[in-house]
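Asker: Would you be able to build a 3D model of this:
(2 chains)
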Amino acid sequence: MSYVLIVGAKSDIAKEVARTYAKNGYNLYLAGRDIDTIKDLAVDIRVRSNVEVKLKELDITEYETHKDFYQSLEEKPLGVVIVSGYMVDQKIAQNDWSESLNTINVNYTGVVSFLNIVANDFEAQRRGFIVGVSSVAGDRGRKANYIYGSAKAAFSAYLGGLRNRLHESGVQVLTVKPGFVNTRMTKNMNLPKKLTAQPVDVAADIFKAQQSGKNILYTKWIWRYIMLIIKHIPEFIFKKMSI
Amino acid sequence: MSLSSWGMYPEIQNKSYPLEDLSKLNECIAYGNGRSYGDSALNENIIYMKPYDYFKSFDDNNGVLHVQAGVLLSEILESFVPRGWFLKVTPGTKLITVGGAIASDVHGKNHHAEGCFSESTLEFNIMLENGEIKNVKKSDELFLATCGGMGLTGIIIDAKIQLKKIKSQYINQTTIKTKNLRDTFDAFERYKDKPYSVAWIDCLAKDDEIGKCLLMVGDFDDFGDLDYKQKPRLNIPFNFPSFALNKLSVKAFNWLYYKKAPDGVSKQRVGIDSFFYPLDSIRNWNRIYGKGGFTQYQFILPLENSFEGLQEILKLISESGKGSFLAVLKLYGKKNDNYLSFPIEGYSLALDFKIEKGLFELLDMLDRVVVKYGGRIYLTKDVRVSKETFEAGYADIEKFREYRKTNKMDNKFNSLQSKRVQI
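Answerer: Model prediction:
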């Protein structure tokens, strides 16, 4: 069975996405900055699903390594799922340039570098799928989260363009926009229960949307409508709001 | 964060911590998937165990599975039924963690044949009050104290459990419709050699119909596929208004349920989910009791007193009119040596009640009958039993208390329940 490459395999969403693909028979490349942190997950998935799981070291911000990384994969993947991401409190990011830069590089620059390589290969092969986990935070800049949000906005725009380009070659590009998700990234935030998804449900949504050829997925689905409203609030009102 | 268990009562404010923080905390209790009914897993500080959900190894030759404590039984089934393995012991919901299964020493429809979950537990690792991790084998006293010990000895980290071989995902089920309690007891006796058995009792039946039931017994079919997929579940998206469940609606449900089954003895071939986990197919079924919550009253009586005691209790319940959709009756096998495991040889009855005025008085009344006949209450379901009633049922409680004290567990590991009954 074909391989799916999961980039940023350490995250809680990635863990469930990986399990979901494995459960459906796919072999996996799990890529992360520190292989030690995903070793247990690899064992877990092998025991659960009896599929091949290979660990690969990849730093999304080490752009110059991306080409070699991709070429070194024994078998080219059928699909790539980008789950890597970095979010730090807005106050910290706006006062510390290195934090701002890291937010931009992990969420955007690095992903562009990596997906450019993947896209060229998939386009040539005329097959494959790319899933990018962006965020609803990219739909409109808010004072609470706009550095992270702007990087995700750029990522969403990139995925939109990529989808447009690769459509002709039959390569699917899925943009995923999770709302609140109950993960380590958000563990200190007080999230409203009804709007907050569990990683396992997000993963199920992603798998289903990818398999059925969708373009943009909001998860939970209600976020499509929340963001629709938020996007349409006139700027002269929005600028006074705290949301 | 506000937290409750499956009964949605009580609800308390709490803080959740990872395992690493254990030694820093004054007091805490492990919380898994929140499927115990009452206050067994509630404390201001909880160690939330769901994230510790890694499978570690499986041996195809002997069926030994090593998993972390936060793994749900449903996840084990999803991976291993298609490969021809099943849990040796499973309760009526698969939505519990392995850690919770050990701490409650859960049992299932095959208790008379296979015993409790601890009988299929080979060993486990547990974090003690000082943060030390200890490997525990069957021969250790800590094994006897921890299995059924309601999380009061430490935090179970991972466990090796024994799975059993199955040849298909189907169960050949026989349903026996009985007319009264005597009839029901006879039927249990008659089908004793069937590995799985359980009865649904109509608690609102009156007079000479008291104790009438549908007894379902069965075993795995040797033929058929193993293509087990968990179906998407129905959901109850909001709490029912509290008047939705009343004597009339329960009566109608019970009547329909009982009527639906053919008279006498009938045979069916059913899947794992419908045989073992009928209620799991409805997500949040606890919401039908309304936002005030509900409790399950489960007791067991020694075999020699079971008939008399059940007759008396069923009469009290029927007279009270506080019905329950589900009243589950089961004949248990021999008790094990664990200090606080619930099962003893005899009959157990479990009933759900909406929390409402007058309920606890009724349950106190039932307690007195249970104690009179030498029975005991199941802590995993309980939210209100008194220290006296609890102690009367559990002869080994002093041993357990002593053990906790000697090993400095009594200050660190506590739940609202353990404080209430002063375990």
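
Asker: Now do the contacts for the residue positioned nearest the centre of chain A.
Answerer: Nearest to the mean C-alpha position of chain A, counting by Cα atoms, centre = their mean, stands residue A:133 at 2.4 Å. Going by Cβ atoms under 8 Å, 6 or more residues apart in numbering or on different chains, residue A:133 touches A:13, A:81, A:82, A:83, A:85, A:176, A:178, A:206. C-betas here are computed from N, CA, C, even on glycine.

Asker: try residue B:159
Answerer: B:66, B:67, B:69, B:98, B:99, B:102, B:121, B:122, B:123, B:124, B:125.

Asker: What segments of chain B are helices?
Answerer: B:73-80, B:98-103, B:111-114, B:141-146, B:181-190, B:247-260, B:272-276, B:303-320, B:359-372, B:387-393, B:397-406, B:416-420 (DSSP state H).

Asker: mind checking how far the fifth one is from the chain centre?
Answerer: If I follow you right, that is helix B:181-190. The chain centroid and the centroid of helix B:181-190 are separated by 23 Å under Cα atoms, centre = their mean, to the nearest Å.

Asker: rewinding a little: so which of the contacts of residue A:133 also contact chain B?
Answerer: Counting by Cβ under 8 Å from any Cβ of the partner chain, the subset of the contacts of residue A:133 that neighbours chain B is empty.

Asker: which one of the residues you listed sits closest to chain B?
Answerer: The closest of those to chain B turns out to be residue A:13 (Cβ to the nearest Cβ; 13.0 Å).

Asker: now the nearest residue to the closest one once chain neighbours are set aside: how far from residue B:50?
Answerer: Using Cβ to Cβ, 6 or more residues apart in numbering or on different chains and skipping residues adjacent in sequence, the residue nearest residue A:13 is residue A:199, 4.9 Å away. Counting by Cβ to Cβ, to the nearest Å, the separation of residue A:199 from residue B:50 is 11 Å.

Asker: between the contacts of residue A:133, which is closest to residue B:290?
Answerer: residue A:178 (32.4 Å; Cβ to Cβ).

Asker: what are the phi and psi values for the closest one?
Answerer: Main-chain torsions, residue A:178, degrees, to the nearest 10: phi -70, psi 150.

Asker: For it, list the residues it contacts.
Answerer: By Cβ under 8 Å, 6+ apart, the contact list for residue A:178 reads A:13, A:133, A:135, A:136, A:197, A:202, A:218, A:219, A:223.

Asker: quick one: which of those residues is nearest chain B?
Answerer: Nearest to chain B among these is residue A:13, at 13.0 Å by Cβ to the nearest Cβ.

Asker: Measure how far the biggest helix by length in chain A is from the centre of its chain, please.
Answerer: Counting residues, the longest helix found in chain A (DSSP H) is helix A:146-166. Distance of helix A:146-166 from the chain centroid (Cα atoms, centre = their mean) equals 11 Å.

Asker: Ok, stretch A:206-213 next?
Answerer: For stretch A:206-213, the distance from its own C-alpha centre to the chain's C-alpha centre is 14 Å (Cα atoms, centre = their mean).

Asker: start to end distance for stretch B:255-273?
Answerer: 23 Å (Cα to Cα, to the nearest Å).

Asker: Could you list the low-pLDDT ranges of the stretch 201-350 of chain B?
Answerer: The stretch 201-350 of chain B contains residues with pLDDT under 70 at B:232-233, B:242-245, B:247-248, B:250-251, B:253-254, B:323, B:325-326.

Asker: all strands of chain A, in order?
Answerer: Taking DSSP state E as the criterion, chain A contains strands spanning A:3-7, A:27-32, A:53-57, A:79-82, A:129-133, A:172-178, A:180-181, A:196-197, A:216-219.

Asker: Filter the contacts of residue A:133 down to the buried ones, PyMOL style.
Answerer: Here is the PyMOL command that selects the buried residues among the contacts of residue A:133 (16 or more other Cβ atoms under 10 Å in any protein chain shown):
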select buried, chain A and resi 13+81+82+83+85+176+178+206
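
Asker: dump the residue contacts of residue B:123.
Answerer: B:135, B:136, B:137, B:138, B:159, B:160.

Asker: Repeat the analysis, applying 7 Å as the threshold.
Answerer: B:135, B:136, B:137, B:160 (Cβ atoms under 7 Å, 6 or more residues apart in numbering or on different chains).

Asker: same deal with residue B:140?
Answerer: Contacts of residue B:140 by Cβ under 7 Å, 6+ apart: none found.

Asker: make it 10 Å
Answerer: B:123, B:134, B:146 (Cβ atoms under 10 Å, 6 or more residues apart in numbering or on different chains).
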